[in-house]
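In: pasted the sequence and its predicted model underneath.
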Amino acid sequence: MQLALSQIAELVGGRVIGDPDLKVGGIGSLDDAVEGQITFLANPKYSGKVATTRASAIILPPGANGFGKNVVETRNPYLAFAKLLAHFCNKLAPAKGVMEGAVVCKDVRLGADVSVYPGAYIGEGAVIGDRTVIHPNVVIYNDVTIGDDAVLHSNVSIREKCRVGNRVIIHNGAVIGSDGFGYVPDGKKHFKIPQIGIVVIEDDVEIGANTTIDRAALDVTYIRRGVKLDNLVQIAHNCSIGEDTVIAAQTGIAGSVTVGNNVTIGGQAAISGHIKIGDNMMFGGRTGVMNNMDQPGVFSGTPAVPHKEWLKTLAVYTKLPELRKTIKEL
Amino acid sequence: MQLALSQIAELVGGRVIGDPDLKVGGIGSLDDAVEGQITFLANPKYSGKVATTRASAIILPPGANGFGKNVVETRNPYLAFAKLLAHFCNKLAPAKGVMEGAVVCKDVRLGADVSVYPGAYIGEGAVIGDRTVIHPNVVIYNDVTIGDDAVLHSNVSIREKCRVGNRVIIHNGAVIGSDGFGYVPDGKKHFKIPQIGIVVIEDDVEIGANTTIDRAALDVTYIRRGVKLDNLVQIAHNCSIGEDTVIAAQTGIAGSVTVGNNVTIGGQAAISGHIKIGDNMMFGGRTGVMNNMDQPGVFSGTPAVPHKEWLKTLAVYTKLPELRKTIKEL
Amino acid sequence: MQLALSQIAELVGGRVIGDPDLKVGGIGSLDDAVEGQITFLANPKYSGKVATTRASAIILPPGANGFGKNVVETRNPYLAFAKLLAHFCNKLAPAKGVMEGAVVCKDVRLGADVSVYPGAYIGEGAVIGDRTVIHPNVVIYNDVTIGDDAVLHSNVSIREKCRVGNRVIIHNGAVIGSDGFGYVPDGKKHFKIPQIGIVVIEDDVEIGANTTIDRAALDVTYIRRGVKLDNLVQIAHNCSIGEDTVIAAQTGIAGSVTVGNNVTIGGQAAISGHIKIGDNMMFGGRTGVMNNMDQPGVFSGTPAVPHKEWLKTLAVYTKLPELRKTIKEL
């Protein structure tokens, strides 16, 4: 597929400096792009490479030196790169229908143009939206609802009655709706509390490989619109993860936690049970959140403190043996 | 299904105050229960809601104010709630037999009233107990034994020769019996030590989604009766996890660790290799156990210390920069 | 299968002291081996058991007391044990071909003597090497290449275009080639950066159960020859893990990290994004590597410091409340 620079400028929100009719057929990095492709400058420290790239055109931020080349100028070249890449790569495969070897139980409602691969299992009463792709060996339990344009990669499990929105991507092996971890001691052993709630995953969520999200005990575990979860993340029962929140790999969120909107959480972090986290907060990797938090800013450490304080504490921490020596001398 | 209060009192171990013949058809929280249902008071701080709930009857601890309503009095209303919920929800689905699309190899012994879903694979020589449910795309390798009334959720793998007890629940994607992580350096590379032992999971165990339990090198990795493992837990080869021990999500137990009975371990904790943990101990989330421990109590931190000490240490830790300033002034 | 001591000496690189024609039919520990088997002394503290074992022969290090028994003397009895165990156990099962219920799409190239179990799915254009075993419900996406003598255990997913080398073992539920975790904020939400790179896994790699390895954004995530990854490990996009590096369970490596050759990383460790780690380094469990590191040695803690320093710091850390008291008194 070929795109004229004028089309690209429209697609990414920018303007052409040079030949608006010049056509390019792909996008690459400053080093790797070849003639006939477009490249981009995302980091000013590589601006010298603009002069030497073999690409036929360059996406630049306002004010950058184009060295006389054909340029699409836009405020965020990295975002433009992502949009163009999506444009060049995401040629939608034609719908494949329900393939031989897939199992679709009774009372299932399938949307138009779905693709259901061999070995996939869709339980009774499930509803699958238009154009949704169910890869091989995905298992959808009874009475699950899945929206339009969703992609469920191989070996994903969606447990009974859970609901998945439109344009949701779930990577391989993720588990949605396993039982929450709840027991009452009865004096001798642990009596299992039936987990009869569900998980609701709203639109535009992406869920990483082998991530697990438990169903609520009685009501709903919410993953709100636009949430992005990395691989091997654990979301316990009755949590609510707010809109556009991003959580990196191997982080664990204990039961009944509420995370606000637009929160960013680094990898291997942990949030204790029943905690409330406000909107727009950021937490570094491995942060351990033990208390409700609502102030804006970046936080790290266990317990979570402002990131700069944590760096200072860490600096003293590594000097503890010296510090003790000083005290002994005193 | 309707239950009279007298039946409920018998089921949960309690006594009726009010009309023993009053029938209820479900259970809900103080806020959500409606007429015709029963509710419960688990936390004294909500005792005011007993007056305003719409439920037709209430499960109360001895001495609580019933506001003149129909009451089932019992020592542990939360346990009573769990028991009643199980009673109302767990209507056993009728056995479905071996469904089309399931693969049962030769020399498999299937119990009475099993359900084996499409895409499940049961290897040669396996034994499956009565009423056990094998969900879609579960893979059971050769010579595995599974007890009665077990539930294996979709995409679970049970490797060769492992043994699973009665009433065991294994959530989606869990792996039982993958090779232990053992190598000998041969001077140039890592020579793999064949892992020819097995995993034995005793009765009444529950295993979380995507949890992994490695087979022993030569003998047995034991998960004893009544153990509850949350999601994404790692149990390495040759461990023994004692009866009724509970381990929260993302905790890792290194090789050859022995954990006693009735131990509770929080999320993201870790136990170093070859450690022995006594009975009835409790470890907070993220605890790092680096030494044998046998004393009763609650422990946290790395290395694990009594929880109260850890809280004190943490309090000083966050003040380290101030502390250093004080020392400098001295 | 029976082996003469002379054959064993040749197999493990050693010499016979005693009867070279004596045949044994298995290997066991000093305690468990029976007559007709061979045992080994790996740890000098058990040398007394050499006198009392029931085994017919013993593998000993040079200079150890054989108590007049038949001995195979070799420098590394533990390595000899591993080699012998592999010899006794790894009787190769005969190839089973493509079994009924497996799906092999068009344009797939299958090597000689493969075994493809029921429920496995091999996408268009995939290449599978000789003698490779694809267990039930493995999903191989389009255009994947897999080498000779590989073993893919049940429920493994290999995403589009990824490449897997010879003699690679991938345990159950592992995911190779899921999308890297990359987004650009567009002012309102997170715009997904298409992840169009691949994962290359070189020869002789072993990958643990439910481990996840993300595909690169544009080019390649490398797992080099001989790498061993334990269970539930996370390798983010664009990483390169060097030859013969060993990584224990639940460790997370963030994006674009380069790890050298022969590195050892303990469990639950973490490496921050874009870090470079040199060759031959060792990191304890839970180490948090936040900076480029290249010096030889053993490191622990967060940030990573020499292991001995970390132990000293930890010792002071646990005494922090006392230390503060001392300072207050001053």
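Out: Alright, I've got the coordinates. Numbers count the residues shown, from 1 in each chain, chains lettered A, B, ... in the order given.
In: going forward, measure contacts between C-alpha atoms and count neighbours the same way
Out: Will do.
In: wait, doesn't residue A:310 sit right on residue A:298?
Out: No: counting by Cα atoms under 8 Å, residue A:310 sits too far from residue A:298 to count as a contact (10.3 Å).
In: ok, those two, which is more surrounded?
Out: Between residue A:310 and residue A:298, residue A:310 has the larger neighbour count (other Cα atoms under 10 Å in any protein chain shown), namely 20 against 17.
In: and that one, which of the three is it?
Out: For residue A:310, the secondary structure call by DSSP: H, G, I helix; E, B strand; the rest coil comes out as helix.
In: look up the pLDDT of it for me, please.
Out: Residue A:310 carries a pLDDT value of 94.
In: which residues touch it?
Out: A:299-301, B:318 (Cα atoms under 8 Å, 6 or more residues apart in numbering or on different chains).
In: in contact with the residue most central in space within chain A, which residues are there?
Out: In chain A, the centroid-proximal residue (Cα atoms, centre = their mean) is residue A:228; its distance is 2.5 Å. Going by Cα under 8 Å, 6+ apart, residue A:228 touches A:205-207, A:244-247.
In: want to throw the contacts of residue A:310 into CSV with distance to chain C, pLDDT and neighbour count?
Out: Below are those laid out as CSV (distance: Cα to the nearest Cα, whole Å; pLDDT from 0 to 100; neighbours: other Cα atoms under 10 Å in any protein chain shown):
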residue, distance to chain C, pLDDT, neighbour count
A:299, 16, 98, 25
A:300, 12, 97, 24
A:301, 10, 96, 22
B:318, 11, 88, 21
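In: next, count neighbours for the residue of the stretch 51-200 of chain A found nearest chain B.
Out: Nearest residue of the stretch 51-200 of chain A to chain B: residue A:193, at 4.9 Å (Cα to the nearest Cα). Using other Cα under 10 Å, residue A:193 has 22 other residues around it.
In: now the single nearest residue of the stretch 51-200 of chain A relative to chain C. Nearest residue, chain neighbours left out?
Out: Among all residues of the stretch 51-200 of chain A, residue A:82 sits closest to chain C, at 4.9 Å; criterion: Cα to the nearest Cα. The shortest distance from residue A:82 to any non-neighbouring residue, by Cα to Cα, 6 or more residues apart in numbering or on different chains, is to residue C:193 (4.9 Å).
In: in contact with that neighbour, which residues?
Out: Each residue near residue C:193 by Cα under 8 Å, 6+ apart is listed here: A:82-83, A:85-86, C:182-184, C:217.
In: chain B contacts on chain A?
Out: Taking Cα under 8 Å from any Cα of the partner chain as the contact definition, chain A meets chain B at A:103, A:119, A:121, A:137, A:139, A:155, A:157, A:173, A:175, A:178-179, A:181, A:184-186, A:189-194, A:196, A:210, A:212, A:232, A:234, A:250, A:252, A:270, A:303, A:310, A:312-313, A:316-317, A:323, A:326-327, A:330.
In: same list, the contacts of residue C:193, but as CSV with neighbour count please.
Out: Formatted as CSV, those follow (neighbours: other Cα atoms under 10 Å in any protein chain shown):
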residue, neighbour count
A:82, 21
A:83, 19
A:85, 19
A:86, 17
C:182, 18
C:183, 17
C:184, 17
C:217, 21
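In: and of those, the nearest to residue C:125?
Out: Nearest to residue C:125 out of the contacts of residue C:193 is residue C:217 (Cα to Cα; 22.1 Å).
In: ok, the closest one to chain A distance?
Out: Separation of residue C:217 from chain A (Cα to the nearest Cα, to the nearest Å): 10 Å.
In: contact partners for that residue?
Out: Applying Cα under 8 Å, 6+ apart, we find residue C:217 in contact with C:179-180, C:182, C:193-198, C:237-238.
In: you'd agree residue A:200 is up against residue A:219?
Out: No: Residue A:200 is beyond contact range of residue A:219, at 10.1 Å (criterion: Cα under 8 Å).
In: of those two, who's got more company?
Out: Taking neighbours as other Cα under 10 Å, residue A:200 and residue A:219 compare with residue A:200 leading, 22 against 14.
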